Structure formats: C-alpha cells, structure tokens
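Chemist: kindly generate the corresponding structure for this input.
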Amino acid sequence: MARYRGPKSKVARRFKEPIFGPDKALERKNYPPGFHGPNRRRQKQSEYAIQLAEKQKAKYTYGILERQFAKMFDKASRKMGITGELLLVFCEARLDNVVYRMGISNTRRGARQLVNHRHITVNGELVNIPSYSLKPGDVVGVRERSKSLEVISNSLASSTSKMDWIEFDKNAMTGTYIQHPTREQIPENIKEQLIVELYSK
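Modeler: Okay, the predicted model is just below:
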C-alpha cells in the first residue's frame, strides 16, 4: 500500500506544525530544515508556491499521496457544494482518519497500520483499506480478538478528543460515524481555498 516513507520532522519543520503528531524536533528547532534554515532570508513566496505548500500540507496531514488526492479533488469538484470543504469532508470520512478521531490510535499513521493489519471492522465486517470512505450511520469498531492490544488500550486511555460528528463507546471500543462534519467541525489548519485555486489553474 503506497504511503509516505520520508522524514517526518523535516516536513513538520517546513510547515511549522506537528503534522505527524507531537514532535520534539519541532520544539527544539522552530525554523525551516536545511543548512541555512535558521539564517535563511525571508523571501517573498509566489502565489503558486503558497498554494502548492497548502496542498502538500493537506496531503501530509491525512497521509494521502498525489494521485489519490487529485482523484478526491475531482470527485469534490463534481459534487454540489463548496469544493474545498467537500475535499476536507472526504478526507475526514476516510476509515483511517475516523479511527484516529475516535482515539483508537494516537496518530493517523498508527490508525492506518491498525486498518491494514485487520484490527478494525465496519458494520461488523473486517475492512483493511485505510481509504475506505464511511457513510453516515456506519459503525466502526475494534475486532474482538484485537481489543486486548496494548497499543489500542494505551491510546484510548490517553485520548481526550471528542468529535460532534462521531459517537464512541470506549468500553465497547465501537463508534458510529453519525454524519459528515461541517467545515467548522474540522480542526485542521488548512486553507482549502488555496488548494482549489491551485487545481483550477
């Protein structure tokens, strides 16, 4: 399954945000990566560079590669509604993201691995496709044999986040994807309009 395998701290430092989760390198070195990072003169970025950076940030945040991201944008652009917001909604509806939002994993990469390794069920059926798109009413849970996994129990014990569009029962380790979130309910710091402008060129 294709996924980003490159350096994570460098990416987080480039965008000055903990894209892959808490990162000590980002706290220690809050300047761009590279030999001239701390001394680099501030150059005015072109409009294209700003738009491209926003798209890259969205891709890294949700763990989606270019081809799949472009397909999601095409799908969003064909639907009625605001294209940028629909794009983010499609990203949030991915199974790996919902597993992360429920607190079953501390990171999206960890959630992706749990899905790939067949620890997650949707409506009682095993699903091992991280990009599986959930529909309102779908029930996501941890497979019975996997409920004793230490990585899952530790994540649930430390999880404090709660999403209005997801219902989750920590004891049963199951949750319901109630509805697609609105833009206000998505906490990610992404300027989706810049992505729309980039793809519209």
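Chemist: for the nearest residue to residue 82 once chain neighbours are set aside, which residues are in contact?
Modeler: The shortest distance from residue 82 to any non-neighbouring residue, by CB to CB, 6 or more residues apart in numbering, is to residue 183 (7.9 Å). To be clear about C-beta, it is placed using only N, CA and C from the backbone, and glycine gets the same treatment. For residue 183, the contacting residues are 82, 85, 88, 192, by CB atoms under 8 Å, 6 or more residues apart in numbering.
Chemist: next one: residue 163
Modeler: 101, 181, 185.
Chemist: by neighbours, which of these wins?
Modeler: residue 101 (24 neighbours; other CB atoms under 10 Å).
Chemist: report the helix or strand with the lowest average pLDDT across the protein.
Modeler: When each helix and strand of the chain is scored by mean pLDDT, DSSP states H and E, helix 24-28 comes last, with a mean of 54.
Chemist: what's the closest non-adjacent residue to the residue most central in space within the chain?
Modeler: Against the mean C-alpha coordinate of the chain, by CA atoms, centre = their mean, the closest residue is residue 62 at 2.8 Å. Nearest residue to residue 62, sequence neighbours excluded (CB to CB, 6+ apart): residue 91, at 4.6 Å.
Chemist: do residue 130 as well
Modeler: Closest to residue 130 by CB to CB, 6+ apart is residue 96, at 3.8 Å.
Chemist: pLDDT value on the one you found, please?
Modeler: Turning to residue 96, the model gives it a pLDDT of 96.
Chemist: so it is in contact with residue 115, correct?
Modeler: Yes. Between residue 96 and residue 115 there is a contact under CB atoms under 8 Å: 5.4 Å.
Chemist: which neighbours do those two share?
Modeler: residue 130.
Chemist: could I get the full set of helices for this structure?
Modeler: With DSSP state H as the criterion, the chain has helices at 8-15, 24-28, 47-62, 66-78, 83-92, 95-101, 108-116, 150-158, 192-199.
Chemist: pipe the ones you listed into CSV and attach distance to residue 134 per row.
Modeler: Listed next are those as CSV, based on distance: least, CB to CB, whole Å:
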stretch, distance to residue 134
helix 8-15, 26
helix 24-28, 31
helix 47-62, 14
helix 66-78, 14
helix 83-92, 9
helix 95-101, 6
helix 108-116, 12
helix 150-158, 19
helix 192-199, 20
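Chemist: closest to residue 125 out of the ones you listed?
Modeler: helix 95-101 (11.9 Å; CB to CB).
Chemist: that closest one packs against which elements?
Modeler: helix 83-92, helix 108-116, strand 120-122, strand 139-142 (3 or more CB pairs under 8 Å, 6 or more residues apart in numbering; DSSP states H and E).
Chemist: just the CA atoms of it, as CSV, please.
Modeler: Extracted C-alpha coordinates of helix 95-101, given in CSV (Å, rounded to 0.1, in the frame of the first residue of the first chain):
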residue,chain,number,x,y,z
LEU,A,95,-11.6,5.0,7.7
ASP,A,96,-8.0,5.6,8.9
ASN,A,97,-8.9,9.2,9.9
VAL,A,98,-12.1,8.2,11.7
VAL,A,99,-10.1,5.5,13.7
TYR,A,100,-7.7,8.3,14.7
ARG,A,101,-10.5,10.7,15.5
